Structures are given as structure tokens and as C-alpha cells.
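In: Build the 3D model from these lines:
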Amino acid sequence: MSAPDSLPEGFTEFDMMSFGTVMLTEALFGFSLNVLTIVAFWKIKEIQTPGNFLILNLALSDCGICINAFIAAFSSFLRYWPYGSDGCQIHGFQGFLTSLTSINCAAAIAWDRYHQYCSRRKLQWNSVFFMGLFVWCSAGFWSAMPLLGWGSYDYEPLRTCCTLDYTKGDRSVFLRPNDRRRALWEGRLNQREEQVPRVFLLFWIKGSLHDKENFNGGGNAGPTTAPIHPVEHFPFLYILSVLISPAMNSLWVT
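Out: Coordinates of the predicted model:
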């Protein structure tokens, strides 16, 4: 932690004040607008729908990001981090938790839009509650890993806020430090990661050809046969790839 009367190496007073001003502006506007969204959902019965419940979770997570920015702005005006090492860990965890939740909520909202416009089906409350629980639990799991030794939280270059330490490479948890074995796993990983877009492309091309054939009346079923919708398979494949991807990538992160 930098001393109160010194600046981080490589940064000037102008850098500290500029960063603090930007973070404070972002925090004020973001927090105000997201609180307005939360209050609107709470007060207006007409907008209390399953789809808007996902937006509520997005607003809650974004409020957490704004609170994180408030702390960073305050520390920037002080020109040092005043909360010690434990405060740094809490700040990093809270920032990572809310950021991951915000990203996951955006993905869930996109999935809701898929149901609404592509499959003509609306999400139910029980499904939305499960999705919200999954979003927060998933973010909490990955945010807790640095606190348990898998990665770490540390100061950012300005040393006025904390985040994941991207400069240190963690030892692989699953693989022995063997170059040949590592190269083999990386090759297998690359092959597996290519399968998801290939499956997407296969479903889309096959379904498009089938739809065109039925529309032109060239198929055996005739033009009255309802075309299949390969896009209906996308949510399962997407969720599967999202769940598998972090676990697969963790096999060779060093």
C-alpha cells in the first residue's frame, strides 16, 4: 500500500484526480439510474414480469459495480488505499462478484429475448427464479476462488482499488508440469473448443436446407409440412458450452 504522502510510481497527481473523477461520475449516474430501475419494478405492478425480473437482477449487480467504483474514486482522491490488505480482498471479491453477475444477467436477458421472439414462448416465474439463483451462485463460486488460493486479488497499478491479479501465473491444479503432457492437453482442448461452433453451424445449415426444401415443395412431406426450427436447440448447446468452457480452460491455465 502506498504511503499517504506519496504517489504510485509512474503516475501524477493529474492521473489520480482524473481517474477519481471518472469513477465518481460513473458511480453517481450508474447508481442513480439503476436504483430508479429497481424502484420502478417494485412500485409498478404492470412491469413485474419474469423477463423484467432478470433486468432487476442486472440493476442490482450494476449497483454493486457502482458501489465498487465509489470506493475506488474515494481512494483515488486520497491518492492511496486506506483499507489495508483485508479491505483489498473484500473490494476485489465484491467487484468480481458483481461484474460476473452483470455479465451473466445480460446473457440470461438475451435468452429471454430468444424465447419471446424466436420460440414464441415466455419464461415462467419458476424458471426465472432458478436462472437468477444460478447466475448469483455461479458468480459467487468463481469470485470466491481467488480467496481460496486459486488466483488472487491485488492492487491495480494506481493502487487505489483492487481486482484480480493478472500478472501472476498459478500452478496448474490438474496437470503435472510436463511440457509434453501439457502440449497434448492443449491440443485436445483446442479440438474440443472447435466442436461447439461446428455443431451450431451444422444445425443451422441442415435446418435451413430442410426449410427451403419444404417451402419449395421438393420434400416427400410436401409444402404443407411445418419446418423445423434448429434455433430451438441453441439454448441447450449454449448453456452446455458456458458450463464446460471455464472447467476446460482451467485445465491448462498457468
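In: tell me the average confidence for the helix or strand that Phe41 is a member of?
Out: In the assignment (DSSP states H and E), Phe41 maps to helix 13-43. Across helix 13-43, the average pLDDT comes to 90.
In: Please apply the same query to stretch 134-146.
Out: Mean predicted confidence for stretch 134-146 is 92.
In: Show me what counts as buried in it.
Out: Under the neighbour-count criterion of 16 or more other Cβ atoms under 10 Å, stretch 134-146 has Val135, Trp136, Ser138, Ala139, Ser143, Met145, Pro146 buried. The C-beta positions use only the backbone N, C-alpha and C, and glycine is treated the same way.
In: so what's Pro157 scoring on pLDDT?
Out: So Pro157 comes in at 83 (pLDDT).
In: pLDDT below threshold where in the stretch 151-254 of the chain?
Out: Across the stretch 151-254 of the chain, the ranges flagged by pLDDT under 70 are 168-254.
In: 90 - rerun?
Out: Scanning the stretch 151-254 of the chain for pLDDT under 90 picks out the ranges 151-152, 154-254.
In: related to what we said a few turns ago, and the buried residues of stretch 134-146, which of them are in helices?
Out: Counted as lying in helices by DSSP state H, out of the buried residues of stretch 134-146, are Val135, Trp136, Ser138, Ala139, Ser143.
In: that older thread, and the angle from the helix or strand following the helix holding Phe41 to helix 13-43?
Out: For helix 13-43, the following helix or strand on the C-terminal side (DSSP H and E) is helix 50-78. Computed with axes from the mean of the first three to the mean of the last three Cα atoms, to 10 degrees, the direction of helix 50-78 lies at 150 degrees from that of helix 13-43.
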